[in-house]
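Chemist: Need the 3D shape of this:
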Amino acid sequence: MDKIKMRKQKQKQKQNPPRGESEVVFRPLPDGVEEDEPRRDLFMDLGYLKRKENWEYFFRSRKRDEFLIEWYAEWPQIQSLLTDQLLSPSSLLPKSDGEAAEPPPPAVQPGELNILVPGCGSSRLSEHLYDAGFKKITNVDFSDMVIKKMSKRNKKQRPVMKWRATNVKALEFIDKSMDVIIDKAALDAFVVSDDAFTVETRYILQVKRILKDGGRFICITVADPIVTSILLHHFRFGWKTSVHDVPEEPESSSENQKRQVFMFVFEKTTCASVALISTDIRKCESRDAESQEGKSRSQLIKALEDEQKYRDKYSGGSEVLNTLEDLNLEELKEYAPGRRIMLILGDPATYVYKGFLIDAQQDSGPCPCNFVVLFVPRSQVNHWIHSSEEGQKRLLAKLKAARALIILEDSNNCEVPWDDKKTQLKHIVRKLAPRRCDVGVPIPFFTSGEMVKACRTVHRVLSTVTRMIIVEETVYRKRLDYDDQDQYPEAFSLDYDDDDDLNSDPKDQVFRRLIFLLSAGMTQSEALCKEVVEENKKEIHTTKKKKRQIISGSSSKKASNIKREIDHDYLAHPYHNAIISGLMLISPHRKRFTTNGPNVETVVIGLGGGSLPMFMKKWLATVNIQVVEIDHLVSDIATKYFDFKEAARLRLHIADGLLYVKDKAHSEAAGKLDILIVDVGSLDLSLGLNRPSKEFVQESFLRDAKNCLSEEGLFVMSVFCGPSALRAAIHSTLKNVFGESLLCLQLKVDEEVFFGLKNESAITEDYISAACDELETSLEAAVNHKWTKRVIKASKLIRPLR
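Modeler: You can find the predicted model right below:
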């Protein structure tokens, strides 16, 4: 009886898909595709297939003659290109160069190559490779059914081939055990299933670890922009890269099945150098430019061109990156005053860091520290003091060290725990230490500005405007974490901020960050999260046989969920606090902010996460806010991940801020704005201008902005600029436009917030001092919230710009 029940239960499982939000959804068949044709079109809709049981159901539901699936790129298309790559000798082997050179390397023997095929599915790729002479193939997939069926199918004809059921993101193979790893659609499937973030930290890391030196990772892909970004970014240092067109499918294939397919080949080298990309990708013909295929091809070509520029810069251009193998380590034992070397450190198989080795200037004064290591978190990498030669020299003087190694974090290693980073780098750091550093004395490791305790990526999307956008959640451990503070008190006093409360963060809180990779990972927006407890609702489900009650979540009487929301009472960026302080101190409309009266018409150029306009809407009761954002994807992210919400006094416009201001200045609406705030970052950091982009500091824009304002209007702009000459030029332009009414709040040597009144009336320091006292009294009486202290403190730093 029990056997009969078990048999019926198994039959029922075959008939019904797994329940829940990951249930497989089959879309209708396209016109012209018969029901019994292989349904390869499903691949683009399998966003739900991120759970093992759903894949099992997918394969179980297919007919016997449909079980073998090639999502794209049949064997005849890839045979020649793939076998050429497999049989090409490694570039690490010595090459023949005339009579005096060593004999050419022996030809690659197909039967000797150890090949891994992760995410093999029910593709016949491995069968074709085996029949072509490549016998040592191991196939991996997390579907037990697929592995069993494919193993059974090939047991007699291909006895040497291996099949293993395991998760491809946790491959259990020893280090450097594979000659080739062939990924055909596996990486694409991860991205479709919204699993791209796990790929970066687990799957790609496994690939790098398992490959032998000189081995190849071959990825056959439709080159989705996110896949392209992952591949080019993670195989940048220590890998030779080539990208190829896969011949198109035969004309007889249905349009639904035809796709552009590309082959990325990455060869593992033994040092973390940067090599240019070799590619034979054909350009899109003009007649196909507007088609989806044409746009996809153009996107790939643009991504390759951008990556090529980056690699050219660091492989032989203006800023050559040196590996330890490129350096004379014995010479480095001695100081060379003013020496500055760009480095790429690490092992391509596990970790890579970019850094600078700097020796102090001859006239830098006494240096109590012989050698220090400063680790710069990703959000501060583009800070002028970390990235420019001028800033690094000033930093070294402040550290009072004879030599410093500045290590820059990026998305490859930002989620690695701090202790692991130190462990990874300690043996490398010792090689770069000067001779006078005693072997038994530990070299101090410092971190700049912030200490990340934990970090995870929660969203990633590719924008046509700002390119790759990332949303992260980060927990800060503390601002500074120096292990040797007692031994090196001078270095421990490192602090770029005159006011610690203005620029510090609450400890052990979760912050959500918005990052543009095109800005080299600089944090564009940051917001503090708070936890809100919500009670679960009871859900009643009924059946024909009987009624039953199901309570979601906990089984307790008062089941509850903890939901994470953005705290719009807290402004994480110090310059946002500075903007609020200026509005409440300088604006002639400040008395109307918290009292009844005509509304203050305000425009904010740049949305980011929306923290600033949301704060203004809540606390400045009579302000009407229009936010202008150029990228609609940024607005989507602000809404979904930063709790931005439009309201009667807060509206969002998707438009170019430059054109918006120009149109306002030359229309009937000119002179109507009470406040205009420019809060935009720059995607081009080549000038050393991180905020705003260069167009917003041109005199033509500033005059248009001034013309938009009412007679008592206020212009506000945050500027983050490193080079002193460029900073002076920006000051000069602002003074030309706003004259004696221009004020400035300097947060750091390279970060300022400017306030300019249209009426150009001179504002004295005595007036500012009296206004500060008045503001402090009014805020404490009317509001008395925790943010008021930060605003009051910031207001006392505002000075006329002379």
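Chemist: mind showing which ranges of the stretch 501-650 of the chain have poor pLDDT?
Modeler: Per-residue confidence for the stretch 501-650 of the chain (pLDDT under 70) gives these ranges: 501-508, 518-522, 534-560, 588-597.
Chemist: rerun that using 50 as the cut-off
Modeler: The model of the stretch 501-650 of the chain has pLDDT under 50 over residues 501-506, 537-559.
Chemist: what distance separates the start and the end of stretch 228-242?
Modeler: Stretch 228-242 has an end-to-end distance of 13 Å (criterion: CA to CA, to the nearest Å).
Chemist: Next, report how far that stretch is displaced from the centre of its chain.
Modeler: On the basis of CA atoms, centre = their mean, to the nearest Å, stretch 228-242 sits 15 Å off its chain's mean C-alpha point.
Chemist: again with stretch 353-372
Modeler: From the chain centre to the centre of stretch 353-372 is a distance of 31 Å (CA atoms, centre = their mean).
Chemist: In that stretch, which residues are buried?
Modeler: Using 16 or more other CB atoms under 10 Å as the test for burial, stretch 353-372 gives 353-360, 364, 367, 369-372. Backbone N, C-alpha and C define where each C-beta goes, glycine included.
Chemist: got it, and stretch 734-750?
Modeler: By neighbour count with 16+ other CB under 10 Å, stretch 734-750 contains the buried residues 734-735, 737-738, 741-745, 747-748, 750.
Chemist: Quick one: the helices in the stretch 101-250 of the chain, in order.
Modeler: Per DSSP state H, counting those that start in this stretch, the stretch 101-250 of the chain carries helices over the ranges 125-131, 144-154, 186-192, 196-198, 204-210, 225-234.
Chemist: Most tightly packed of those?
Modeler: Highest mean neighbour count of the helices of the stretch 101-250 of the chain: helix 186-192, a mean of 23 (counted as mean count of other CB atoms under 10 Å).
Chemist: which other helices and strands contact that one?
Modeler: Applying 3 or more CB pairs under 8 Å, 6 or more residues apart in numbering; DSSP states H and E, one finds that helix 186-192 contacts strand 211-221, helix 225-234.
Chemist: Rebuild those as TSV, extending it with mean pLDDT and distance to Y335.
Modeler: Shown next, in TSV, are the helices and strands packed on helix 186-192 (pLDDT from 0 to 100; distance: least, CB to CB, whole Å):
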stretch	mean pLDDT	distance to Y335
strand 211-221	94	35
helix 225-234	86	35
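Chemist: Please convert those to CSV, extending it with distance to K453.
Modeler: Shown next, in CSV, are those (distance: least, CB to CB, whole Å):
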stretch, distance to K453
strand 211-221, 32
helix 225-234, 24
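Chemist: which stretch among the ones you listed comes nearest C772?
Modeler: Counting by CB to CB, C772 lies closest to helix 225-234 out of these; the figure is 47.4 Å.
Chemist: from the chain's centre, how far out does the closest one sit?
Modeler: 11 Å.
Chemist: relative to strand 211-221, how tilted is it?
Modeler: On the basis of axes from the mean of the first three to the mean of the last three CA atoms, to 10 degrees, helix 225-234 is oriented at 160 degrees to strand 211-221.
Chemist: ok, back up a step: right, and the pair among the buried residues of stretch 353-372 with maximum separation?
Modeler: Pairwise over the buried residues of stretch 353-372, using CB to CB, the maximum falls at Y353 and S364, 25.6 Å.
Chemist: Which helix or strand contains the nearest residue to E780 once chain neighbours are set aside?
Modeler: Once flanking residues are discounted, E780 sits nearest to T788: 6.8 Å by CB to CB, 6 or more residues apart in numbering. Per DSSP states H and E: T788 is located in helix 786-795.
Chemist: State the mean pLDDT of the helix or strand that that helix is followed by.
Modeler: Proceeding N to C from helix 786-795, the next assigned helix or strand is strand 798-800, under DSSP H and E. For strand 798-800, the mean pLDDT works out to 88.
Chemist: how many neighbours does the residue nearest to E780 have?
Modeler: When counting by other CB atoms under 10 Å, one arrives at 20 neighbours for T788.
Chemist: how near is it to R691?
Modeler: Distance, T788 to R691, by CB to CB, to the nearest Å: 26 Å.
Chemist: for S463, same thing?
Modeler: 19 Å.
Chemist: Please apply the same query to P613.
Modeler: For P613 relative to R691 (CB to CB), the value is 17 Å.
Chemist: Those two - which one has more neighbours?
Modeler: P613 (28 against 22).
Chemist: what's the helix or strand for that one?
Modeler: When elements are assigned from DSSP H and E, P613 belongs to helix 611-619.
Chemist: and the helix or strand following that helix, C-alpha only, in CSV?
Modeler: For helix 611-619, the succeeding helix or strand toward the C-terminus, using DSSP H and E, is strand 623-629. Extracted C-alpha coordinates of strand 623-629, given in CSV (Å, rounded to 0.1, in the frame of the first residue of the first chain):
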residue,chain,number,x,y,z
VAL,A,623,9.2,74.2,-0.3
ASN,A,624,7.9,73.0,-3.7
ILE,A,625,10.6,70.8,-5.2
GLN,A,626,11.2,69.9,-8.8
VAL,A,627,13.9,67.3,-9.3
VAL,A,628,15.6,67.0,-12.7
GLU,A,629,17.3,63.6,-13.5
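Chemist: Adjacent strands (with direction) for strand 623-629?
Modeler: Within its sheet, and counting by DSSP bridges, strand 623-629 is paired with strand 600-605 (parallel), strand 650-654 (parallel).
Chemist: now, of the ones you listed, which is deepest in the fold?
Modeler: strand 600-605 comes out most buried of the strands paired with strand 623-629 by mean count of other CB under 10 Å, with a mean of 24.
Chemist: tell me which element the residue nearest to K563 when sequence neighbours are not counted falls in.
Modeler: Using CB to CB, 6+ apart and skipping residues adjacent in sequence, the residue nearest K563 is V532, 4.9 Å away. Secondary structure from DSSP H and E places V532 in strand 522-535.
Chemist: Right, I'll call it a day here.
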